Structure formats: structure tokens, C-alpha cells
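**Q** Predicted model and sequence follow; I will ask about them next.
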Amino acid sequence: MAPGKGVLRHLEGWELALVAVTVALVGIFLLVPFPVTPEDLPLPVADDRALADRARADDELAAGVIPLLERDAAGLYDLRAFGEAFRAYGRAEASAGQANGQGSDMYEVVRMRRALIDAVNRARALGDDKMRAVRAYQKAQFIAQLENWERTQAVSEELTGLGGSFLTLASRYGWRTERKLDMSERLRGIFFERRWNELTGLTEGSYALSLDEHRAFYRFLLTHPPVEQSSASPKDVCLWADEWRLRKIAEIARIDPSYPAGLARGVLLYRTGRYPAAADAFRDYLGSSEDGAYALRARNYLAEANARAQATPSP
């Protein structure tokens, strides 16, 4: 036996043993939940490539509208009339918003909405492909007008016609700074498409937004909830925002079944102080997604919600 090897031979292979112990400890760490405050709300995740493909397809549709109208102006009179009716409604909506929705302005909004629906019915007879092309063209114009507003701060008649009260709402909900809108060009287009669909009543089939467009839309709203900025305390505003988010979770889940709605509900219930209900939501989520991507997070959140529920006296 070599000198000095008597004791050292007992330590041979200690590196492998250390690795094994470390792996075992990490496994225990992952399996045993420990309380973590539920703060991070899971957000829908949109496929950027799919959104880009959709945007390119709309750009191609929009580029073909003017040649289409020039080739057959008489036959497409109803499409032009629809475009004017859409803008007339937007102007009436914006005017009513400035008047706080009172008096004769609201009657004008109702009248313009009826005229718009009549125009939709006539124009749609020319084909859904043509109506979708008009939507794509109007969306492109809306985005361009928003960019012009950011450069000049001038609200054009075209922007008012296409967007109605959009800028007013963006100010009310904190979606814009003094000179810039806090959303990407792609999101601006999605907001317009949703508005167009709702106003025309054309929401199904080829008019429907894609799943990824819905995901991008709701991701924005969950991070920028449409809660009016007011003189209330920041704590109250945060509470109102989470209450709004709670009402939207089921809506998001219907559109996107992959969204972890139970986990999101638990986070929001915890943040609004309803600890027993939050614990129930986390249990329900784990019952349906025991090995899901958020399972460890849910177990840790459940441990925290249980601890808070036990420490909080019943009302």
C-alpha cells in the first residue's frame, strides 16, 4: 500500500457521492412544496410567427382593395357605402364620448349604428372575401393614422372615424403616455379587428380572430387592465384591476383551453385576500394538471394559501 493511502482510500469516489446527494436533495426540494407568495399571474403566450403570417396576409388583402374598387366602382358601391357608414358611426361615438354619453349625441350613435348594420347587410352580399379585404384596408389606415397622431399629436377625422373613442379610452385606462400609445403595431391592429367585428356583427368563420390574436389581446389586457385611472389610492386601483382580471379568466379559458385558468384564478383570489378560495382554486388546478408545467408553482402557492387561510380569522 502506498504511503498515505490508508486514510485517503476511504474517500475515493467522494465526487460521485456528492453528486448523488445533491441530486437527491434537489429531488426532495422539487417534490416537497414550500410556501411561495402567489404574485405572478400566468399570461397567454402567442406565437409571434403565426401573428406575423396573419399580418402579412392582411397586408396583401389591404393592398388589393383600391384596385378592386377602381375596376368595378359601380358594382362595389355598397362597399364604399359601408366604409362611409363605419366612419360615420365612429365620429358619432367619439362625439357622444366627449359629451359623456348624454342628450342628442346618444340618439345619433343609435341612428348611426342602425345605418351601419344596414350597410353591412348590403355590402356583405358582394362576398365575405371583399368585406375582409375592406377590414384589412381599414385596419392599415387606422394603424397609419395612429402613427401620424404620435408624430403630430393631431387627431385626424379619419382616425376618429375608424377608431371612435379609442384614444379617449386609451387615456382613461392608462394605455398611452402624453404622446405615445403603449402597444405594438400588431396589437393596434388586433384591437381594430375586434372593434370592427363587434360593430359589424361579423365575428364567426373567416372573420374570427385567430387563437394567437386572442392570446396577444388578452395578454395585453391582463397586464394593462381597463380600469379607469382615478384619484383613488394605488391599493384600491390594484384591487379593482384584479377584480376585473378575475371576471376575464373564464372568458380566456373558453377561447384558449391551454391557458392555466385555475392557477390564474387562485393567484387573483389570493391577491384580493380570499385565501380559502385561493387554496381551493389551486387544489382544483392540481387535480386537473398534476404534472403540468405549472404544477410545482401551484403546489408552492397552495402551501402559502393554506397557511394564510389558517392564520386569517373567519369573518
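**A** Sure thing, it's come through. Numbering: from 1, shown residues only.
**Q** what residue ranges in this structure score low on pLDDT?
**A** Scanning the chain with the threshold set as pLDDT under 70 gives 1-33, 69-75, 99-104, 231, 290-291, 313-315.
**Q** 50 instead?
**A** 1, 8, 11, 17, 19-21, 23-30 (pLDDT under 50).
**Q** domain parsing for it?
**A** Using automatic domain parsing, the domain parsing of the chain gives 43-224, 232-315.
**Q** Figure out which of these is closest to V36.
**A** Nearest to V36, of all these, is domain 232-315, at 3.9 Å by CB to CB. From N, CA and C alone the C-beta is placed, and that goes for glycine too.
**Q** now the strands: where do they sit in the stretch 51-200 of the chain?
**A** Read by DSSP state E, counting those that start in this stretch, the stretch 51-200 of the chain holds no strands at all.
**Q** who's in contact with stretch 304-311?
**A** For stretch 304-311, the external contacting residues (CB atoms under 8 Å, 6 or more residues apart in numbering) are 35-38, 266, 270, 275-276, 278-279, 282.
**Q** S230: which of these is nearest?
**A** Y270 (24.6 Å).
**Q** Was I right to think the closest one contacts N300?
**A** No. Counting by CB atoms under 8 Å, Y270 does not reach N300; the two are 11.9 Å apart.
**Q** In terms of neighbours, single out the busier of these two.
**A** Y270 (25 against 18; other CB atoms under 10 Å).
**Q** which residues touch the more buried one?
**A** Contacts for Y270 (CB under 8 Å, 6+ apart) come out as 37-38, 278, 301, 304-305, 308.
**Q** so what's L51 up against?
**A** Residues near L51 by CB under 8 Å, 6+ apart: 186, 210, 212-213, 216.
**Q** swap that for A261, sorry
**A** By CB under 8 Å, 6+ apart, the contact list for A261 reads 249-250, 252-253.
**Q** again, but for Y294
**A** 42, 260, 263, 285.
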